[in-house]
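> Give the three-dimensional model of this entry:
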Amino acid sequence: MSARPKLNVALVGAGFLARTRARCWRRVYGVDVQLRAVVTRGAADGKAFAAEHGIAKAVTGLDAVLSDRAIDVVDLCVPNHLHRPFTEAAAAAGKAVICTKPLTAYVGQDQLDDPGSLDPDAVAATDRARMLEIATADAEAMVKACGAAKVPLLYGENWLFAPAVQRASELLASSDGVLLEMRGHEAHSGSHSAFSKNWNHTGGGALLRLGAHPIGAMLWLKRLEGMRRDGKPVRVASVTGTVADPTRHAGLTADNTAVATGWRGVESFGSVTMHFEDGSVGVAHGSDLSLGGMESRLSLLASNSHLECSLSPHDQLRTHAPADGTFGEAYVMEKASGQAGWNTAIPDEDESSGQQAMCQVFSEILGTGDHEFAALVGCDGTLGAEVVRVVYSAYLSAAEGRAVVLDGS
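Model (predicted):
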């Protein structure tokens, strides 16, 4: 029996996403995945994270893992403004890169190396055409750096690997139909982190943080369709965007409001209509205004079929509790406000969200060295760069009140 391929991973970051990835990497099969290191800013945080997840070592600087010959890939679970410099540094060191969505963002990086210390209102006021220029240039630089170093850049969009979306893509491929209309959204009650509320930390609001998921899925599905039919992706020709912050409503009070408020220049609602070059359309939106837990849904209207993908919530398991705490401290689902009443207690969010399958596929791509498989699957950095271009073109559209034609379409 041949030995399993080996893959040594360094997690960069120790927040919510890094915890998800640590769980998923541990459950990969067929590839001997070892979590060799976690990189954090604070030594105490790193040691605690490493102990919790059985990681070999904790370090406080990226250089420590880039100089480690045993490390094969860095999994970037860090703030958006670090994506480009960390990717370029990793590529220069010969390491493969996994970068979470969005691939890049405009956070004022053309003004200061550490955008977090900039005035968030000033960054939010930056001309949207400038934002589009900088964000897309950064994304293209990341793709170029990894290409020049001949290392994979994998785009960590978990929606592509969600069982519902994967099965839908298979059915579409076997139907010989074409996608005519797509609708997708991700919504919850909003992050209560101050960082998410400032443009100089996140690079945008609900459209970027949440809407990037359905946008990425739609671009991916049209890419697959185009490759099947004509040998080339179907691209977005133009976009129309709308953004708003309804939490500024004068009727909101501390007593009648359960959604997050206090957004500074970033939207709590964002929507984009994508007009594809083949005449089909996709409408994606992100919202921080939805109570009741995470909503992640995708509707696919094809010429000869209609498919509905429910990533969250889904009713594989439903629970009812007379009061919060009935199930002790048990987790129900992301962003659920409690256990009382009826809930959809998702059996395994890592599976249904696609995070687990994504790590499985990435481990096979990297462990076997079949890097061309990444482009074939459609999960490489070029997809992430296209998502960035769509989002910031939508911001430009919303600011100028017109459709924006995407260059190179």
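> what ranges do the helices span in the stretch 201-350 of the chain?
206-209, 212-230, 349-352 (DSSP state H, counting those that start in this stretch).
> typed the wrong thing, it's the stretch 51-200 of the chain
Going by DSSP H, counting those that start in this stretch, the stretch 51-200 of the chain shows helices at 62-66, 83-92, 120-124, 128-149, 163-175, 199-202.
> The last one packs against which elements?
The reference is to helix 199-202. On a contact count with 3 or more C-beta pairs under 8 Å, 6 or more residues apart in numbering; DSSP states H and E, helix 199-202 meets helix 120-124. Using the backbone N, CA and C atoms, a C-beta is placed for each residue, glycine as well.
> Which segments of the chain make up each domain?
6-157+357-380, 159-348+389-405 (automatic domain parsing).
> what about the shortest one, average pLDDT?
This means domain 6-157+357-380. Averaged over domain 6-157+357-380, pLDDT sits at 93.
> Now do the contacts for residue 302.
172, 175, 177, 178, 179, 180 (C-beta atoms under 8 Å, 6 or more residues apart in numbering).
> Buried among these? Make that a ChimeraX selection.
Of those, the buried ones can be selected in ChimeraX as follows, counting by 16 or more other C-beta atoms under 10 Å:
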select :172,177,178,179
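> Just the buried residues of stretch 101-112, please?
Within stretch 101-112, judged by 16+ other C-beta under 10 Å, the buried ones are 101, 102, 103, 104, 105, 106, 107, 108, 109.
> Next, format those residues as TSV and append distance to residue 255.
Putting those into TSV (distance: C-beta to C-beta, whole Å) gives the following:
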residue	distance to residue 255
101	35
102	35
103	40
104	40
105	35
106	36
107	34
108	36
109	40
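> Just tell me which of the helices of the stretch 51-200 of the chain ends up closest to residue 343.
helix 163-175 (19.6 Å; C-beta to C-beta).
> Tell me which residues touch the residue lying closest to residue 326 once chain neighbours are set aside, please.
Nearest non-adjacent residue to residue 326, counting by C-beta to C-beta, 6 or more residues apart in numbering: residue 339, 5.6 Å away. Residues near residue 339 by C-beta under 8 Å, 6+ apart: 319, 321, 323, 324, 325, 326, 327, 330, 332.
> Try it again at 7 Å.
Residue 339 sits next to 321, 324, 325, 326, 327, 332 when contact means C-beta atoms under 7 Å, 6 or more residues apart in numbering.
> Pipe the contacts of residue 302 into CSV and attach distance to residue 366 per row.
Below are the contacts of residue 302 laid out as CSV (distance: C-beta to C-beta, whole Å):
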residue, distance to residue 366
172, 28
175, 32
177, 34
178, 33
179, 30
180, 36
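> May I ask which two of the contacts of residue 302 are separated the most?
The distance between the two most remote of these (C-beta to C-beta) is 12.5 Å, for 175 and 180.
> mind listing what residue 30 touches?
Contacts of residue 30 by C-beta under 7 Å, 6+ apart are 4, 364.
> Just confirm residue 71 contacts residue 10, I think it does.
Yes: between residue 71 and residue 10 there is a contact under C-beta atoms under 7 Å: 4.9 Å.
> which residues do the two both contact?
By C-beta under 7 Å, 6+ apart, the residues touching both residue 71 and residue 10 are 36, 37, 65.
> helix/strand/coil for the second one?
So the one you mean is residue 37. Counting by DSSP: H, G, I helix; E, B strand; the rest coil, the backbone at residue 37 sits in strand.
> That one contacts residue 61, doesn't it?
No: if you go by C-beta under 7 Å, residue 37 and residue 61 don't touch, sitting 10.8 Å apart.
> Which of those two has more residues huddled nearby?
Legend: neighbour count by other C-beta atoms under 10 Å for residue 37 and residue 61, higher for residue 37 (23 against 11).
> Kindly state the beta-bridge partners for the more buried one.
residue 10, residue 57 (DSSP bridges).
> Residue 155: what's it in contact with?
Counted by C-beta under 7 Å, 6+ apart, residue 155 has contacts 99, 103, 379, 380, 381, 383, 384.
> now with 6 Å?
By C-beta atoms under 6 Å, 6 or more residues apart in numbering, residue 155 lies in contact with 379, 381, 383, 384.
> So which of the residues you listed are in helices?
Among the contacts of residue 155, DSSP state H puts 381, 383, 384 in helices.
> Leaving out the residues flanking it, which one is nearest to the first one?
Right, residue 381. Per C-beta to C-beta, 6+ apart, closest to residue 381 is residue 153, 3.6 Å.
> now the one you found: how far from residue 329?
From residue 153 across to residue 329, the span is 39 Å (C-beta to C-beta, to the nearest Å).
> now do residue 206
29 Å.
> Settle it for me: which of the two has more neighbours?
residue 206 (30 against 6).
> List the buried residues in stretch 89-102.
89, 90, 91, 93, 95, 96, 97, 98, 99, 100, 101, 102.
> Hmm, residue 36 is touching residue 57, no?
No: Residue 36 is not in contact with residue 57 according to C-beta atoms under 6 Å; the separation is 7.1 Å.
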